[in-house]
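Asker: pasting the sequence and the predicted model now:
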2 protein chains.
Amino acid sequence: MTQHTTLSDTTAEELAEITSRAALAAEELAGTSLERRATLLEAAAAGIEAEKDELIVLAHEETNLPEAQLTGEVARTVNQLRLFAGVAREGSYLEAILDSADPSLTPPRPDVRRMLEPLGPVAVYSASNFPFAFSVAGGDTASALAAGCPVVVKAHRGHARLSVRVAEIVSAALQDAGAVAGTFALTQGRVAGEGLVVDPAIKAAGFTGSIEGGRALFNRACTEREDPIPFYGELGSINPVVVTRAAAEERAGALAEGLLASFTMGVGQFCTKPGVVLLPRGSSVPEELAALLSERNGGAMLTPGIHESFETGVQGLDATDGVTLVGRGRATGEGVAPSAFRVPMESFLKNAERLTTECFGPTTLLVEYGQESELDQVLEVLPGSLTVSVHGTESDHATWASRLPRWKKLAGRVVWNGWPTGVAVNNAMQHGGPWPATTGSLHTSVGATAIRRFLRPVAYQNMPEELLPEALRSANPLGIVRRVDGELTR
Amino acid sequence: MTQHTTLSDTTAEELAEITSRAALAAEELAGTSLERRATLLEAAAAGIEAEKDELIVLAHEETNLPEAQLTGEVARTVNQLRLFAGVAREGSYLEAILDSADPSLTPPRPDVRRMLEPLGPVAVYSASNFPFAFSVAGGDTASALAAGCPVVVKAHRGHARLSVRVAEIVSAALQDAGAVAGTFALTQGRVAGEGLVVDPAIKAAGFTGSIEGGRALFNRACTEREDPIPFYGELGSINPVVVTRAAAEERAGALAEGLLASFTMGVGQFCTKPGVVLLPRGSSVPEELAALLSERNGGAMLTPGIHESFETGVQGLDATDGVTLVGRGRATGEGVAPSAFRVPMESFLKNAERLTTECFGPTTLLVEYGQESELDQVLEVLPGSLTVSVHGTESDHATWASRLPRWKKLAGRVVWNGWPTGVAVNNAMQHGGPWPATTGSLHTSVGATAIRRFLRPVAYQNMPEELLPEALRSANPLGIVRRVDGELTR
């Protein structure tokens, strides 16, 4: 498999061959049992786990990310593959619904049974900042394979060697577990990146990256092919945080510590980094934060280009009317200095477009408000985000019970007394939100329900038992949860 | 409410006022209980039912559709509103998922609870062919209101007076039931049609109509606004039907009768009309059909424009190489003559692009194959459809068990020994399919799961009980089905 052992860019001919193999594999994979699909995912998980030491070294070399963080990310990635194995095996993701016939009605009511079925080959565009969890064998790949869709990954240049190595491991694991050729493939370069979304064999795409790049691909997926396909892009997010006056008075030190840890985690390169923090004027949080920052060394960023963009972004912040520096850490070696800025609410509202643009890297902006009643003014200027977080005390519950309905419209996840970084991979997680957080807020790219992105419903009307998929047969041979004549039953 | 009592086109200013009222109503409606939302839908249903005699007369005048058909359609529309009242009240559409915290893990696992919440105001573009069921108070409106989204309808010119009258009834019923102003509004004309999809207050759109019009609006919804919105278009479908040799030999007469009834139902103006029928060469179905057709009077079409397009379409069919007339009915008064054509498989494959274009109206094309093994050749040329139907006998089960996985990729609903027209409104129905049947195949516009189109997931992390929506509180005060730590429970 040449594309896995070299770093050369995929050509148009290679891409066409890869996607047509994926189309053939789609038929095979759609016909596999849930148990078999779970086994494939578990094989991929075991393959990665067995080689994790080598992979972490490689990832560190290519991304500068600390080994401790990469160790956690590999564990998360392996767990994620296993989570989706469990989702496939359990089978309620199929949303099986059976409605019995009633020939006595006018017109007679037919027997109709519906379930979700795989869309077909999925393109996965890797992110730079999570070389495991949002890359070759990350959440998009795991959820697409669990849904029964072959995957064609577009590797990220930022960790090209790691991508090739992970793809080799996954391909070998899938092959050993009996998957047909074409179930999984890696591509690289511009031809693949631009070609995948318009390739007729590709039926959906997952993407994690920049607003500009993601929107361009989204537009192409919608308009530059005869059959539009769903394009799930996770783009940019400033993840606003509100600190109530009561919270700031109660625990300024802990808030400063928590904020610093959150906005510098992964050298500030997390999509859930808190970029804007609404703080009551006069609190001691900025001073506490400044003290902590002065002791802080900055890490190296993912790539020189990202480093440069970050410096430009910080200079832009610094040069904005009303914005002043709270504090700055140390930049040692190739590292960048983490920093925090502050701005009065009035200036923030005036320069909102500039100040609500995501600055990818370890910096955050404290927006100082007077009265909490002023807070809702920022709802007009804050863009959609993955998360919105509130730090409060029990005395704030009543106020926020009435305020939350407006605030939650900003985001797909609402966090109370916590920081947005650290995304649990579970059944309930929602990682998606209003534009520009994602290209559409109906779906998630993290957590069990991410599988829904790659499935379409098919209904069977008056179908003989032996022609029905097993999941819909009357005797429920798979033992899955189904809605039968309106009642959920197993 | 001026826009309801006149037929004048909505101006840009009126549109802006209507959508901003809808945005305000969205907050109110999102906060209503499930019970309350069910009551609103039931009030609308009762309002329409009470005035149905008047409405049917009006509909008949404007659409030419027979009163018997319109009577059935009103009943279906009323039942549909009640179905969605039931969906809202039952509450499992919220897909509530609760995952408990586990502080012992590294990192500690937070408490995360997720449910679906309304997207916001929805634009509904009415269809011409179902003046009740896919119009002002049809499936899109019912499912959006059930989801908690205000609705702004774009009326269809083909039944403008009926649209106004239904909107008056629905508005009054909602108002009497306590809905806030802005929950429901009617608009008309080009400014509204083009403006709704790009209006910042509108968060999703449902559309039933032509491929050309639907695709243009879909493209605008994706690319001509800062935040793309989901646009659910149901466009064109040829609904292929396969008749096996065994079935044709067993019951040619019944098949001819069934086919005639299906392709002439609603004067052939149903989106599920069978447009292409694959028949074994040498069967007597064409002759039986010709005999039945010669006795058949055609009805009047919805509008003179549709009538003209139909005649052009039929002439195009007739003039295509290899296509010959099977038979034609009588055109009396303003009616059109129903007709059937036949073509050998080879000619069909050669002229596939022309012959697989939907011809809206009472005509169908019999494609005659030699061996059943040739059938799969047409999979390469058949476009996506709402339905695919097979007429077979028990002797066909084994062959079709292996053939169906390829055939079902064509459509969202697979019918055995039945005709595609007549769409049951139930929990399991899927009315949607691969392009150009719909702009995306992930969703349905008919049946209980149509509500999913207008909802987005929101996750709550470590949220105090009193700040959680009722649906997610630990004690489950709504008594709805939820997934708690992986297990479905009530």
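Answerer: Happy to help now that I have it. Residues are numbered from 1 along each chain as shown, chains lettered A, B, ... in the order given.

Asker: quick one: mean pLDDT over stretch A:466-482.
Answerer: For stretch A:466-482, mean pLDDT is 97.

Asker: just how off-centre is that stretch within its chain?
Answerer: 32 Å (C-alpha atoms, centre = their mean, to the nearest Å).

Asker: got the contact list for it?
Answerer: By C-beta atoms under 8 Å, 6 or more residues apart in numbering or on different chains, the residues outside stretch A:466-482 that reach it are A:33-34, A:90-92, A:94, A:96-98, A:113-115, A:117, A:460, A:463, A:465, A:488-490, B:397, B:400-401, B:404, B:416, B:488. C-beta coordinates here come from the backbone N, C-alpha and C atoms, glycine included.

Asker: how does it look with 7 Å?
Answerer: A:34, A:91-92, A:94, A:96-98, A:113, A:115, A:460, A:465, A:488-490, B:397, B:400-401, B:404, B:416, B:488 (C-beta atoms under 7 Å, 6 or more residues apart in numbering or on different chains).

Asker: and if you look at stretch A:215-228?
Answerer: By C-beta under 7 Å, 6+ apart, stretch A:215-228 touches A:197-198, A:205, A:207, A:229, A:231, A:233, A:439, B:218-219, B:222-223, B:228, B:434-435, B:439-440.

Asker: what residues of that stretch count as buried?
Answerer: A:215, A:217-222, A:228 (16 or more other C-beta atoms under 10 Å in any protein chain shown).

Asker: next: stretch A:86-103.
Answerer: Buried-residue list, stretch A:86-103, by 16+ other C-beta under 10 Å: A:87-99.

Asker: among those, which are within reach of chain B?
Answerer: A:97-99 (C-beta under 7 Å from any C-beta of the partner chain).

Asker: in strands, which of those fall?
Answerer: A:97-99 (DSSP state E).

Asker: and the stretch 51-200 of chain A, which of its residues are near chain B?
Answerer: Checking the stretch 51-200 of chain A against chain B by C-beta under 7 Å from any C-beta, the hits are A:97-99, A:107, A:109-110, A:112-114.

Asker: make a markdown table out of these and add pLDDT and distance to residue A:351.
Answerer: What follows is those, written out as a markdown table (pLDDT from 0 to 100; distance: C-beta to C-beta, whole Å):
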| residue | pLDDT | distance to residue A:351 |
| --- | --- | --- |
| A:97 | 98 | 51 |
| A:98 | 98 | 57 |
| A:99 | 98 | 56 |
| A:107 | 81 | 63 |
| A:109 | 93 | 61 |
| A:110 | 97 | 61 |
| A:112 | 98 | 56 |
| A:113 | 98 | 57 |
| A:114 | 98 | 51 |
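
Asker: quick revisit: buried subset of the contacts of stretch A:466-482?
Answerer: Of the contacts of stretch A:466-482, these count as buried by 16+ other C-beta under 10 Å: A:34, A:91-92, A:94, A:96-98, A:113, A:115, A:460, B:400, B:404, B:416.

Asker: among these, which ones are in helices?
Answerer: A:34, B:400, B:404 (DSSP state H).

Asker: where along the stretch 101-250 of chain A do the strands fall?
Answerer: A:112-118, A:122-125, A:151-154, A:184-187, A:204-208, A:231-234, A:241-243 (DSSP state E, counting those that start in this stretch).

Asker: and what of the stretch 251-400 of chain A?
Answerer: A:276-280, A:297-298, A:324-328, A:330-331, A:339-344, A:363-369, A:385-391.

Asker: which among those is found nearest to residue A:47?
Answerer: Ranking the strands of the stretch 251-400 of chain A by their distance to residue A:47 (criterion: C-beta to C-beta) puts strand A:385-391 first, at 30.1 Å.

Asker: that closest one near chain B at all?
Answerer: No: contact of strand A:385-391 with chain B (C-beta under 7 Å from any C-beta) is absent, the minimum separation being 8.3 Å.

Asker: so what's the gap between that strand and the chain middle?
Answerer: With C-alpha atoms, centre = their mean as the basis, strand A:385-391 stands 16 Å off its chain's centre.

Asker: with stretch A:274-290 instead?
Answerer: Using C-alpha atoms, centre = their mean, the offset of stretch A:274-290 from its chain centre is 28 Å.

Asker: is chain B within reach of it?
Answerer: No: shown here: stretch A:274-290 not in contact with chain B (C-beta under 7 Å from any C-beta), separated by at least 13.7 Å.

Asker: pLDDT of that stretch, averaged?
Answerer: pLDDT averaged over stretch A:274-290 gives 98.

Asker: end-to-end on it?
Answerer: Counting by C-alpha to C-alpha, to the nearest Å, you get 17 Å between the two ends of stretch A:274-290.

Asker: what's that stretch in contact with?
Answerer: Stretch A:274-290 is contacted by residues A:238-243, A:245, A:248, A:252-253, A:255-256, A:259-260, A:262-263, A:326-327, A:340, A:342, A:356, A:358-359, A:364-370, A:375, A:378, A:389, A:419-420 when judged by C-beta under 7 Å, 6+ apart.

Asker: hang on, the earlier thing: of the buried residues of stretch A:86-103, which is the nearest to residue A:319?
Answerer: For the buried residues of stretch A:86-103, the nearest to residue A:319 is residue A:87 (48.1 Å; C-beta to C-beta).

Asker: tell me the SS of that closest one?
Answerer: helix (DSSP: H, G, I helix; E, B strand; the rest coil).

Asker: isn't it right up against residue A:146?
Answerer: Yes: Residue A:87 lies in contact with residue A:146 (C-beta atoms under 7 Å); the separation is 5.6 Å.

Asker: overlap in contacts of the two?
Answerer: residue A:451.

Asker: for the stretch 201-350 of chain A, just list every one of the helices.
Answerer: A:211-223, A:245-264, A:285-294, A:304-318, A:345-350 (DSSP state H, counting those that start in this stretch).

Asker: nearest to residue B:62, out of the ones you listed?
Answerer: helix A:211-223 (34.6 Å).

Asker: now do that closest one against strand A:204-208, angle only.
Answerer: 170 degrees (axes from the mean of the first three to the mean of the last three C-alpha atoms, to 10 degrees).

Asker: for helix A:211-223, C-alpha coordinates in PDB please.
Answerer: The C-alpha trace of helix A:211-223 is given here as PDB (Å, rounded to 0.1, in the frame of the first residue of the first chain):
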ATOM      1  CA  ILE A 211     -13.000  28.700   9.500                       C
ATOM      2  CA  GLU A 212     -11.700  29.800   6.100                       C
ATOM      3  CA  GLY A 213     -10.700  26.300   4.900                       C
ATOM      4  CA  GLY A 214     -13.700  24.600   6.300                       C
ATOM      5  CA  ARG A 215     -16.200  27.000   4.800                       C
ATOM      6  CA  ALA A 216     -14.600  26.800   1.400                       C
ATOM      7  CA  LEU A 217     -14.900  23.000   1.500                       C
ATOM      8  CA  PHE A 218     -18.400  23.200   2.900                       C
ATOM      9  CA  ASN A 219     -19.500  25.400   0.000                       C
ATOM     10  CA  ARG A 220     -18.000  23.000  -2.500                       C
ATOM     11  CA  ALA A 221     -19.800  20.000  -0.900                       C
ATOM     12  CA  CYS A 222     -23.100  21.900  -1.200                       C
ATOM     13  CA  THR A 223     -22.800  23.500  -4.600                       C
END
